[in-house]
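Student: Give the three-dimensional model of this entry:
(chains A and B)
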Amino acid sequence: MTLLDFARGPGMQWSLIILIVGILWRVVGTLLLSAEKDYSQARQGGTGPGIRAVFRRFWPHPEFVKPTLFHMVGGYTLHIGLFVVIFLFAPHILWFADLLGLPVWANLPNNIIMLAGALTAASLVAFVLRRMTHPVMRRISGFDDYASNIVTLLPVVTGMLAFAHTPIARYETLLALHLLSVELLFVWIPLSKLAHALFFIPSRYQLGAAFGRRGVKV
Amino acid sequence: MTVEAERIDMFFEGIKKLPEMAQPVEMSDAERLHQVKTTFLAKLTRNMAVDLESCVHCGQCAEACHYYNATQDPKYTPIRKVELLKRVYQRELSPTRFLRRLWTRDITCDEIHEWIELVYDSCTECGRCFMVCPMGINIPAMVNVNRQAFANAGLIPVELRAMEQEQYAGNTLFGIGPEQTEAALRQIGEQMGVEVPINKEKADVLLLTSVVEVMVFTDQIASAIKVLNHLKLNWTLHMDGFEAANFGMLSGFEPLQKRAGDRVVKTAKKIGAKTILVPECGHAFPSLRWDQANVDEQSFPFEVLTMAELMARELRNGNLRVKPGVKGKSVTFHDPCKIGRHSGVFEEPRAMIKALGAEFREAESSQAVNWCCGGGAGVFLLNSAADLRQGAWQIKQAQIDATGADEVVLSCASCRLNFERGARNNHWDKPIDSLLSMVAENLDE
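Tutor: Numbers count the residues shown, from 1 in each chain, chains lettered A, B, ... in the order given. Next up is the predicted model:
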């Protein structure tokens, strides 16, 4: 079995199993923890404010736009870039369609995908550098923070190298490295802070709901 | 020097002596560590777990924190203040704990001692950090769990411990208990020429007071009496449950939080009160309005209101009549964090100020994103927090000055004390007034 065979076969299968089981384990395990019942008299229901908070927090309160500009620009570049690269690149669409039994959907031209990939990689590098140099981020950062950045960066970089048929290695080797880095990401997501991709929804909701019932828009 | 200024000085002198009053809590370091961990594990709810799971360590919360802004010291980054709780969660409770233990250090006793400053001196649980957090993480709720854990480990700072021990043991604060409060109320009544309805067997409204009002801001008590009499309400101040201040909540010592809150709740039930009226006291309002029902695990048959809410409601109903006695003056309002951002009382104080004819000047960064004055959650008592408090005050003073208002109005006695202290330190001559007093002075009798 070649490296590419492994990456395409058992590597992919096991990493997907770990991703799905791990996410379910972590989300269900967290949600099964005891919840607080609120006996206080609410000013209003919390559901509406909770849902609104999920969407409102996609943009900072006007008070905080300026001090959080780096994170806003970097964050949106990173997340939009990842979305474009993962879901709108033709080979990825074929992979998803095959995996999930879905019809293929429209893709973006490759040069746009490459641009999105470059911007994504640049934003990830910028976040790592900021984490290493900004006093606040440096102080609160740990292994998970750096590892998550690097594990997210690897598939982007290896994917771009493979797409460009970079002559540093055979195409098959580059493709295998790309697939293995994706598999590493799949395994890392349920173990790390990358699970914020799921937890941000209940987190925002519960703050919006708790303070909404007190009559505070958060 | 005015009588009020003398009282303020005496109160600040009293604070300096608090460390002498605190009884030490003997406990080995191993036991303290055990207490902190077991409290964390007992108090970690689903909501907190979700919050901890969603944090990406972006550090944006620092930008919202008055103590970080004042010092630029990254150790005051709000999310870092709950780092010990997070590590215990990740190692002991998280669904992936068996793996996360590999790269998550256990907490140590040295760290617990280091964190006392972070969860007491440098956090007023003001909540400005959750306004900036892109994930909506409720950091103050977790800081409060830290305080509860530290209280169980006998690590409450001496000033708060002295107050907690006194209130728990004897229902007094600074030596002020039911007898002293009743005497003070009768004296205030005599000066006003009215009889204060103390200890009525039945009343619709149970008015509370606080030790800071009795010792320093007696104008707030007199004003409450005046307003309630103006409204012709059936009200009382009852010596079975009169104290709004809850040093159990502030220190994290839960048995006192329950005991102090229950004194008020039982009294309200006994006299058949439909309303508990909380004086101008920041932490007392959320303590009774939101927390006590959860401490007691029951809903209450009465409402809990701030004075500002009652006055604005009665103004709308036409029962409260005021004169435009502040016309020609520009006034700004400082939202107490626990009454504003934590409890949604924003419009009522503004409606009252405008009804008095003042030109209202809204400060930048006000209401839900208002800057804390730096003295909330018991920090105004901590001698060790003097520099941090003063740093935060600089931000507050600049914010008020930028409005160009002639006067600043408050509705929290702790904030008022902190404003007075900051004003003295900086020789700031801006008039500082209580909202309630301002209204009482302008009643249209």
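
Student: Residue most distant from the centroid, chain A?
Tutor: With distances taken as Cα atoms, centre = their mean, the residue sitting farthest from the centre of chain A turns out to be A:Gln41, at 38.0 Å.

Student: And that one, how close does it get to chain B?
Tutor: When Cβ to the nearest Cβ, to the nearest Å is the yardstick, A:Gln41 and chain B sit 7 Å from each other. To be clear about C-beta, it is placed using only N, CA and C from the backbone, and glycine gets the same treatment.

Student: residues in contact with that residue?
Tutor: B:Ala293, B:Ser299, B:Phe300, B:Glu303 (Cβ atoms under 8 Å, 6 or more residues apart in numbering or on different chains).

Student: I'd say B:Gln257 and B:Ser287 touch.
Tutor: Yes: at 7.4 Å, B:Gln257 counts as touching B:Ser287 under the criterion of Cβ atoms under 8 Å.

Student: between the two, what contacts are shared?
Tutor: With Cβ under 8 Å, 6+ apart, B:Gln257 and B:Ser287 have common neighbours B:Asn246, B:Met249.

Student: By residue count, tell me the biggest helix in chain A.
Tutor: helix A:110-133 (DSSP state H).

Student: what pLDDT, on average, does that helix get?
Tutor: With pLDDT averaged residue by residue, helix A:110-133 scores 97.

Student: Surely the residue farthest from the centre of chain A forms part of a strand?
Tutor: No: following the definition DSSP: H, G, I helix; E, B strand; the rest coil, A:Gln41 is coil and is not counted among the residues of a strand.

Student: Could you check how far it is from B:Asn47?
Tutor: 20 Å (Cβ to Cβ, to the nearest Å).

Student: Also B:Ile8?
Tutor: In this structure, B:Ile8 lies at 40 Å from B:Asn47, with Cβ to Cβ as the measure.

Student: How about the residue most central in space within chain A: what's its closest non-neighbour residue?
Tutor: Ranked by distance to the mean C-alpha position of chain A (Cα atoms, centre = their mean), the top residue is A:Ala197 at 5.3 Å. When the adjacent residues along the chain are set aside, A:Ala197 lies closest to A:Ile189, with 7.5 Å between them (Cβ to Cβ, 6 or more residues apart in numbering or on different chains).

Student: ok, back up a step: closest one of the contacts of A:Gln41 to chain A?
Tutor: Within the contacts of A:Gln41, distances to chain A taken as Cβ to the nearest Cβ reach their minimum at B:Ala293, with 3.9 Å.

Student: Check what pLDDT the closest one gets.
Tutor: 97.

Student: Equivalent analysis for B:Ala5, please.
Tutor: In this model, B:Ala5 carries a pLDDT of 85.

Student: name the element it belongs to?
Tutor: B:Ala5 is part of helix B:3-21, with elements assigned from DSSP states H and E.

Student: now for that helix, which elements pack on it?
Tutor: In terms of contacts (3 or more Cβ pairs under 8 Å, 6 or more residues apart in numbering or on different chains; DSSP states H and E), helix B:3-21 is packed against helix B:158-170, helix B:211-215, helix B:413-426.

Student: What is the burial count for B:Lys81?
Tutor: The local packing count at B:Lys81 equals 26, with neighbours defined by other Cβ atoms under 10 Å in any protein chain shown.

Student: Next: B:Ser299.
Tutor: Taking other Cβ under 10 Å as the neighbour definition, B:Ser299 ends up with a count of 11.

Student: And the one 3 residues further on, by the same measure?
Tutor: Applying other Cβ under 10 Å, we find 18 residues neighbouring B:Phe302.

Student: isn't it right next to B:Lys274, touching?
Tutor: Yes: under the criterion of Cβ under 8 Å, B:Phe302 makes contact with B:Lys274 at 5.6 Å.

Student: picking up where we left off before, for the helices and strands packed on helix B:3-21, give me TSV that also has mean pLDDT.
Tutor: Converted to TSV, those look like this (pLDDT from 0 to 100):
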stretch	mean pLDDT
helix B:158-170	96
helix B:211-215	95
helix B:413-426	94
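
Student: Distance check, the residue nearest to A:Ala197 against chain B.
Tutor: If you go by Cβ to the nearest Cβ, the gap between A:Ile189 and chain B works out to 11 Å.

Student: OK, contacts around that residue?
Tutor: Each residue near A:Ile189 by Cβ under 8 Å, 6+ apart is listed here: A:Leu19, A:Gly22, A:Ile23, A:Ala195, A:Ala197.

Student: likewise A:Ser203?
Tutor: Residues in contact with A:Ser203, defined by Cβ under 8 Å, 6+ apart, are B:Val50, B:Asp51, B:Glu53, B:Ser54, B:Met135, B:Gly136, B:Ile137.

Student: Check it and give its pLDDT.
Tutor: 97.

Student: sec struct for it, please.
Tutor: A:Ser203 ends up helix, using three-state DSSP.

Student: Where in chain B is the helix or strand with the lowest mean pLDDT?
Tutor: Taking mean pLDDT, DSSP states H and E as the measure, the helices and strands of chain B show their lowest mean at helix B:3-21, namely a mean of 90.

Student: Could you give the separation of the next helix or strand after that one from the chain centroid?
Tutor: Beyond helix B:3-21 in the direction of the C-terminus, DSSP H and E gives the next helix or strand as helix B:29-43. Averaged C-alpha coordinates place helix B:29-43 at 26 Å from its chain's average position (Cα atoms, centre = their mean, to the nearest Å).

Student: Can you pull the domain assignment for chain B?
Tutor: When chain B is parsed into structural domains using automatic domain parsing, the resulting residue ranges are B:29-155, B:168-314, B:320-440.
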